[in-house]
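Colleague: curious how this folds, go ahead:
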Amino acid sequence: MTTTTLAVLVPLLPFLGAVAGLLLGRTAPGFVRPLAVLPALASLVLAVLVAADQGGGRAVDTATELTPTGSVPIELALHIDGFAALVAVLVTVVATCVQIYSTGYLRDDPRYPSYAALVSLFTSAMLLVVYSGDLIVLLVGWEVMGICSYFLVGHYWETPEARAASIKAFLVTKLGDVPFLIGLFALGTDAGSFRITKVLGAVASGGLHHPTLIALLLLAGVAGKSAQFPLHTWLPDAMAGPTPVSALIHAATMVAAGVYFVARLLPVFQASSAAMVVLAVMAAVTMAGSALAALAQDDIKRVLAYSTIGQLGYMTGALAVGDRGAAVFHLLSHGAFKALLFLAAGVIIHASGTNSLTAMSRMSNLRARVPDAYWTMTVALLALAAIPPFSGFFSKESVLGAAEHAATGHTGHAPAAAGWTVLVAGLLTALLTGAYAMRLWLLAFRGRGAEAPDHGRQPLVMNAVLWVLALPSLAFGGLAFRLLPGWFDGRDLTPTLVTSVLGTGVALVGGIVTYGAWQHTTALARTPLGAVAAHPEGDAGLVEAEAIATHRPAYGDIAHAPDPADPGRLLLGPLHRHAAAGFHLDAVYTALFVRPVLAGASLVRFLDREVVETYVRGAGAVPRLLGAAVRRAQTGNVQTYVSALLAGTVVLAVAAVLLATGA
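Modeller: Residues are numbered from 1 along each chain as shown. Okay, here's the model as predicted:
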């Protein structure tokens, strides 16, 4: 088969698997797991073949008109360059691992058939985004992912947290999609086509009349989909869904779509210096803010969620300095170790036999109970902290190196201000990443929280997937920076000395300082007064800390007692409370948007009930009263009718006489 045919089958197979899974889920449950795993596995094989055929050379570009529009045509187009080929491999690898892992993680879930079908549809939609050569067809996959995320995040719909999280994810991403859609239409109108190759050709020839407006509109959609400031607030709450879904969303789909979109259309954004500076500021605020928030979270999945936001900030930072090779390199590297982090967290949660053990302060003795998760998560955390020779080191250093080149004026692709902004924020984030990665490792595997029930060794498929993903987390970066330049516009991805030393140095400092803070708080927590100092929350903290120190229950059950040795509190100090609440951005949105909308709705309801309904009721009451009066006059008594007739005659006669006399 030709490369084009293989490429068409890559998103088509998961789509067919989703349809078949939905149709046969109830009638033939024995086919559900094969229909979940086999299409994803076949799609992976085909994506690898497509990448091998493409080989980082000339892009595969083919199209057929989908429907006549009378103006700008919409085409069913493929555009597969080196970026698309490798990102498709990442998507299919992670999706296959998630489907295999889910057969063990959700083996007793009665809604597994619909879950597996939605994961397949999610995968298909992302692959459509990756391979599509037409912006409107890309938009279809973009929106289908939003629908799938709504259902998957709300999988445990019995809980109010899952229901609220699914609605929030849908609404926040749609808030960004409205300007995104307008930007796509404006871009297609200026370029005269929705074909990506023609759009890029129009940019090269100066054919865009409103580059800044178009770029800013598109960035709104990217901020929503890829959880960048200020539309990132949905992602931490989305942790209410099943952990494998979190791995899929954070590693290869949904949030990766925005970064990939900017990478594919980077010349459109480079046509506006203002848009590049806005992108750089957005990336810098996202990186630093999310890292601070991650350092204050107690829920292990929320730590990883804020970590994803920050790592996506690195990618958008690389794009802001005009280096899409570094951005996609980090996207690929991050996809492997972030999927591993979430799936390892899933093993920890599954080991407790519940979906509620996610608070790190309540974890204890996990190293011995989940050794596979311990070792593989250690590898993934080292990759996240960008410690050499793990994969995250090479990809993150490519971002910092690109920022250094832009800051020193060695590249003309971005303003120097954007380079300095990304470089400074990137180094600060590297420091904080080392800190929260060390904190997570210490609290999860060396914590002193309450002992959770031991439900035995985890299913083999879950542990096997962890080790599969540990391999690229360990070795991908060292191989990729030598092999990928031919796929990434020929850009050298070799780490530079200055940023390598600075980035690794600050990450190690962050980890070492956190370890020292943990030892300090652990020593303090051994005494009642020290435990109180480690939990400065007033009287409630006093009761809880004394209970921990004396090993007696504070609230009736020692299982609710947290580990007081949290270095995040010591490191952040007064900032901890604000960082734990995500710097109150949700409260700001509530004050600026939610409350005014609710107030407006209340006013409309009042006007409808007290004003409009009053007139409606009045309009109905007048005819009703007239009808009652007429009904009472119709007595059926002939004498009454004759008397009324005579009385009327007399009245008319008197009136006539009076009128004649007056005349």
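
Colleague: low-confidence ranges in the stretch 351-500 of the chain?
Modeller: Across the stretch 351-500 of the chain, residues meeting the criterion (pLDDT under 70) sit at 352-357, 412, 449-457, 481.

Colleague: ugh, wrong one, the chain
Modeller: Counting by pLDDT under 70, the chain contains low-confidence ranges at 352-357, 412, 449-457, 481, 525-564, 663.

Colleague: nearest residue to the middle of it?
Modeller: By CA atoms, centre = their mean, the mean C-alpha position of the chain lies nearest to L235, the distance being 4.2 Å.

Colleague: could you pull up the residues touching that one?
Modeller: Applying CB atoms under 8 Å, 6 or more residues apart in numbering, we find L235 in contact with 169, 227, 250, 255, 305, 308-309. Where C-beta positions appear, they are placed from N, C-alpha and C, glycine not excepted.

Colleague: in helices, which of those fall?
Modeller: Secondary structure from DSSP state H places 169, 250, 255, 305, 308-309 of the contacts of L235 in helices.

Colleague: may I see the buried residues of the helix or strand encompassing T521?
Modeller: Following DSSP states H and E, one finds T521 within helix 497-524. Within helix 497-524, the residues that count as buried by 16 or more other CB atoms under 10 Å are 499-500, 502-504, 506-508, 510-511, 513-515, 517-518, 521-522, 524.

Colleague: again, but for stretch 107-120
Modeller: Within stretch 107-120, judged by 16+ other CB under 10 Å, the buried ones are 112-120.

Colleague: one step back: show me what the helix holding T521 is packed up against.
Modeller: Using 3 or more CB pairs under 8 Å, 6 or more residues apart in numbering; DSSP states H and E as the contact test, the elements touching helix 497-524 are helix 391-407, helix 416-445, helix 528-534, helix 567-572.

Colleague: of all those helices, which one comes closest to T316?
Modeller: Shortest separation from T316 across the helices and strands packed on helix 497-524 is recorded for helix 416-445, at 8.9 Å, computed as CB to CB.

Colleague: helices or strands up against the closest one?
Modeller: Judged by 3+ CB pairs under 8 Å, 6+ apart, the packing partners of helix 416-445 are helix 273-296, helix 300-320, helix 366-369, helix 371-384, helix 391-407, helix 497-524, helix 567-572.

Colleague: can I get those in a markdown table including distance to V222?
Modeller: As requested, the helices and strands packed on helix 416-445 are exported to a markdown table (distance: least, CB to CB, whole Å):
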| stretch | distance to V222 |
| --- | --- |
| helix 273-296 | 9 |
| helix 300-320 | 8 |
| helix 366-369 | 37 |
| helix 371-384 | 23 |
| helix 391-407 | 17 |
| helix 497-524 | 25 |
| helix 567-572 | 30 |
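
Colleague: nearest to G447, out of these?
Modeller: When these are compared by CB to CB, helix 366-369 sits nearest G447, at 7.8 Å.

Colleague: buried ones in that closest one?
Modeller: 366-367, 369.

Colleague: what about that helix, distance to the chain center?
Modeller: Using CA atoms, centre = their mean, to the nearest Å, we find the averaged C-alpha position of helix 366-369 to lie 30 Å away from the chain's own average C-alpha position.

Colleague: which SS state does H155 fall under?
Modeller: What DSSP: H, G, I helix; E, B strand; the rest coil gives for H155 is coil.

Colleague: for it, list the residues it contacts.
Modeller: With CB under 8 Å, 6+ apart as the criterion, the residues that contact H155 are 111, 115, 162, 241-242, 245.

Colleague: one more: L502?
Modeller: Applying CB under 8 Å, 6+ apart, we find L502 in contact with 400, 427.

Colleague: about what we covered before: filter the contacts of H155 down to the ones in strands?
Modeller: When those are checked against strands using DSSP state E, none is located there.

Colleague: let's have the residues you listed in a markdown table, adding distance to L427.
Modeller: Formatted as a markdown table, these follow (distance: CB to CB, whole Å):
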| residue | distance to L427 |
| --- | --- |
| R111 | 45 |
| Y115 | 41 |
| A162 | 37 |
| G241 | 33 |
| P242 | 35 |
| V245 | 33 |
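
Colleague: and of those residues, the nearest to I196?
Modeller: When the contacts of H155 are ranked by distance to I196 (CB to CB), V245 comes first, at 29.4 Å.

Colleague: what separates the closest one from P267, distance-wise?
Modeller: 34 Å (CB to CB, to the nearest Å).

Colleague: of these two, who's got more company?
Modeller: A count of neighbours by other CB atoms under 10 Å puts V245 above the other of V245 and P267, at 29 against 18.

Colleague: can you show me the helices along the stretch 101-250 of the chain?
Modeller: Chain-ordered helices for the stretch 101-250 of the chain, with DSSP state H, counting those that start in this stretch as the definition, fall at 112-131, 135-153, 160-191, 196-204, 211-225, 234-237, 243-251.

Colleague: deepest-packed of these, please.
Modeller: Of all the helices of the stretch 101-250 of the chain, helix 243-251 has the most neighbours on average by mean count of other CB atoms under 10 Å, namely a mean of 29.

Colleague: and the angle from that helix to helix 135-153?
Modeller: Angular relation of helix 243-251 and helix 135-153 on a 0 to 180 degree scale: 150 degrees, by axes from the mean of the first three to the mean of the last three CA atoms, to 10 degrees.
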